[in-house]
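Colleague: would you be able to build a 3D model of this:
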Amino acid sequence: MKMKMKMKIPYAAALCVIMVVILSEADPTKAVTCSPLELSSCYAAITSGARPSGMCCSKLREQKPCLCGYLKAPNLRQYVNSANARRVASTCGVPFPNC
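Modeller: Okay, here's the model as predicted:
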């Protein structure tokens, strides 16, 4: 009985350490809801070549994990893959995705 108890403690301690490491790596603030409507502040910059606003750049950085999905969507691809959209991304310091 004592042998089994001694064996369980190191495993439990190791499990606790692993969980702490995993949870410390998780960042709940990085969860993004992909919605192209979040990029509405970029509309003028993408369609007319106007300079992107600070709000546009902020939203573009926020939606960065979603850009590949937008590129794959037939109704969004023409906007997201346009020369102006690439210029907006570059101006905002957001690397254009390589999907």
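
Colleague: measure how buried Ser58 is and give me the count.
Modeller: When counting by other C-beta atoms under 10 Å, one arrives at 14 neighbours for Ser58. (Each C-beta comes from the backbone N, C-alpha and C, glycine too.)

Colleague: what's the helix or strand hosting it packed up against?
Modeller: Remark: Ser58 resides in helix 54-62, with elements defined by DSSP states H and E. Contact here means 3 or more C-beta pairs under 8 Å, 6 or more residues apart in numbering; DSSP states H and E; on that basis helix 54-62 packs against helix 83-92.

Colleague: please, where are all the helices along the chain?
Modeller: For the chain, the helices defined by DSSP state H cover 2-25, 43-48, 54-62, 67-72, 74-80, 83-92.

Colleague: which residues sit against the third one?
Modeller: The reference is to helix 54-62. Taking C-beta atoms under 8 Å, 6 or more residues apart in numbering as the criterion, the residues outside helix 54-62 that touch it are 32, 38-39, 41-42, 45, 52, 88-89, 91-94.

Colleague: quick check: PyMOL command selecting the buried ones in the residues you listed.
Modeller: In PyMOL, the members of the contacts of helix 54-62 classed as buried (16 or more other C-beta atoms under 10 Å) are selected with the following command:
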select buried, resi 38+39+41+42+45+52+88+89+92+94
